[in-house]
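S.K.: Below are the sequence and a predicted model; questions follow.
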Amino acid sequence: MPKPTTVFTCTACGATHKKWAGRCDACGQWNTIVEEAPLSQGPGRGLGAIKGRAIPLSNLQAHEAPPPRINAGIAELDRVLGGGLVPGSALLVGGDPGIGKSTLLLQAAAAFSNAGKHAIYISGEEASAQVRMRAHRLGLAEAPMRLGAETNLRDILTTLDAERPDVAVIDSIQTLWSDTVEAAPGSVSQVRASAHELVTFAKRRGVAVILVGHVTKEGQIAGPRVVEHMVDTVLYFEGERGHQFRILRSVKNRFGPAGEIGVFEMTGAGLAEVTNPSALFLSERGQPVAGSAVFAGIEGTRPVLTEVQALVAPSTLASPRRTVVGLDSGRVSTILAVLEARCGIPFAGLDVFLNVAGGMKVVEPAADLAIAAALLSAREDSALPADAVLFGEISLSGALRPVAQAENRLKEAQKLGFTQAILPDATKVEGNDNERGGMGFRRIADLTGFVGEVFGAG
Ligand code: TYD
Ligand code: MG
């Protein structure tokens, strides 16, 4: 068999190609393909080359207890993990540089050690003294956790093997280098090899390994996307630079629900838990203004109220601006098209700016009605009732579809003092269909009906 020469790997998705190309066929990204040393091949090809050992197989009847959990005592983190960290699991915490990953995981490692667990934090980016200084600033100086600064994977694994901690944080996966791979730290093959060895180590030794990964838009540094498939749990730490709110979101979890969020606030003394995110996201709301709509959403298992803000202004551009932050821009385009085609309300010649207050990301289709309401309110320059929340999915025909967990959304809104809910006609609620405990339900069948009911035109 001829020895393979080199392979070309996409830094964005990890796909391998035989030759270089400007665009990756697998993910469609441009300028992400780099040359890499080949992965080692097995001893030969075909059935004659099967030389492995038989693995023990089992049936489905075995009674295994659910995995025990390690709790940090940071409620927002424990919930996102699905009730705590599972021993021997591998976790990836991704996020933009500077968002607060190191701060979060230093605080988490300290919390695990305060809870009586053996926790090690290995930094490949900062010297131990720097991490210690940060820990002092965060008021964690007394925590019995252990600290290391190293980038050599072999040394890190040897240390972890000798120490056998319950939890090990590796900050970050991009700084590691394994001497078995001839590529620079941060390259796809280094990141993949290091992550693979650490994940294997986690399973074999029962150590929960938390990997930190920087996400870059340019695709120059290997994104942790290749690592996502290897680990049990993937968390993303999100937030807007200018805002102090940070959201930890589980996008994959083999041991709990995905889509769960934890909300934190970046303060001078590190990340503080936010136990009532709705109140926080609505805290900047003053008098009712045109273009503002309160969406009663569900994030994971929790109801969260957020404010959708819209600004609509005459455009001087041939193709007007559609600037969307924190919402799905495809969804927004669809809603604009439905407003135009079904309600006869055009947005041509108008710039549209939409965002979610507080740097929150909302991906639920249930936000459709709140988005449409904010857009209409901005366009008509007419404020929505200040005490109203909205939710509902808009179909292409303009009809409003009911959404899941209406009861939870309404309860949260009621708790925060809202007295009316604008919702799809077919929404099922417990008890009375039109009112409950001081909250009135305005039931709407379709978008045209909504325009007529709320803005008095149709
Ligand atoms: P960091 O955890 O280093 O981010 P990452 O590891 O994701 O790159 O956080 C960096 C930012 O957080 C930095 O801009 C300063 C800010 N910060 C605070 O506001 N308060 C604090 O107590 C700490 C430690 C950091
Ligand atoms: Mg960092």
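M.R.: Nice, thanks for sending it over. Ligands and ions are numbered 1, 2, ... in the order given.
S.K.: Run through who's touching stretch 72-84.
M.R.: Counting by C-beta atoms under 8 Å, 6 or more residues apart in numbering, stretch 72-84 makes contact with 69-71, 85, 91, 104, 107-108, 111-112, 114-115, 233, 235, 248-250, 253, 255-257, 260-264, 273-275, 300-301, all of which sit outside it. Where C-beta positions appear, they are placed from N, C-alpha and C, glycine not excepted.
S.K.: can you give me the end-to-end distance of that stretch?
M.R.: Using C-alpha to C-alpha, to the nearest Å, the end-to-end distance of stretch 72-84 comes to 7 Å.
S.K.: Buried residues of it, list them for me.
M.R.: 72, 74, 76-82, 84 (16 or more other C-beta atoms under 10 Å).
S.K.: Name every strand pairing with the top strand by length along the chain and say which way it goes.
M.R.: The residue-count maximum for a strand in the chain (DSSP state E) belongs to strand 302-314. Paired strands of strand 302-314, with direction, are strand 292-299 (antiparallel), strand 350-356 (antiparallel) (DSSP bridges).
S.K.: Only alpha carbons, please: show the host helix or strand of Phe237 as CSV.
M.R.: In this structure, Phe237 is located in strand 233-238 according to DSSP states H and E. Backbone C-alpha positions of strand 233-238 (Å, rounded to 0.1, in the frame of the first residue of the first chain) are rendered in CSV as follows:
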residue,chain,number,x,y,z
THR,A,233,-21.5,17.7,27.1
VAL,A,234,-21.0,21.0,25.2
LEU,A,235,-21.7,24.3,26.9
TYR,A,236,-21.5,27.7,25.3
PHE,A,237,-20.8,30.8,27.2
GLU,A,238,-22.4,33.7,25.5
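S.K.: Briefly note if it comes near ligand 1.
M.R.: No: judged by C-beta under 6 Å from any ligand atom, strand 233-238 stays clear of ligand 1, getting no closer than 6.9 Å.
S.K.: rewinding a little: mind checking which of the contacts of stretch 72-84 are buried?
M.R.: Buried, going by 16+ other C-beta under 10 Å: 70-71, 85, 91, 104, 107-108, 111-112, 114-115, 233, 235, 248-250, 253, 255-256, 260-264, 274, 300, out of the contacts of stretch 72-84.
S.K.: The residues you listed in helices, which ones?
M.R.: 104, 107-108, 111-112, 114 (DSSP state H).
S.K.: Save those residues as TSV, and put in pLDDT and distance to Gly268 too.
M.R.: Formatted as TSV, those follow (pLDDT from 0 to 100; distance: C-beta to C-beta, whole Å):
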residue	pLDDT	distance to Gly268
Leu104	96	15
Gln107	96	14
Ala108	96	19
Ala111	96	19
Phe112	96	23
Asn114	95	21
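S.K.: From those, pick the one nearest Val324.
M.R.: Proximity of those to Val324 (C-beta to C-beta) peaks at Leu104, which lies at 27.3 Å.
S.K.: Who are the contact partners of the nearest residue to that closest one once chain neighbours are set aside?
M.R.: Spatial nearest neighbour of Leu104, excluding adjacent residues (C-beta to C-beta, 6 or more residues apart in numbering): Leu271 at 5.6 Å. Residues in contact with Leu271 (C-beta under 8 Å, 6+ apart) are 100, 103-104, 107, 246, 264-265.
S.K.: Near ligand 1, list only the ones from these.
M.R.: Answer for the contacts of Leu271 near ligand 1 (C-beta under 6 Å from any ligand atom): 100, 103.
S.K.: For the stretch 151-300 of the chain, which segments are assigned as strands?
M.R.: 167-171, 208-214, 233-238, 245-253, 261-267, 270-273, 292-299 (DSSP state E, counting those that start in this stretch).
S.K.: Neighbouring strands - and their directions - for the longest one?
M.R.: Using DSSP bridges, the strands paired with strand 245-253 in its sheet are strand 233-238 (antiparallel), strand 261-267 (antiparallel).
S.K.: what's the answer for the first one, then?
M.R.: In the sheet containing strand 167-171, the strands it pairs with under DSSP bridges are strand 119-123 (parallel), strand 208-214 (parallel).
S.K.: For Arg409, find the nearest of these.
M.R.: Per C-beta to C-beta, nearest to Arg409 of the strands paired with strand 167-171: strand 208-214, 32.9 Å.
S.K.: Thank you, goodbye.
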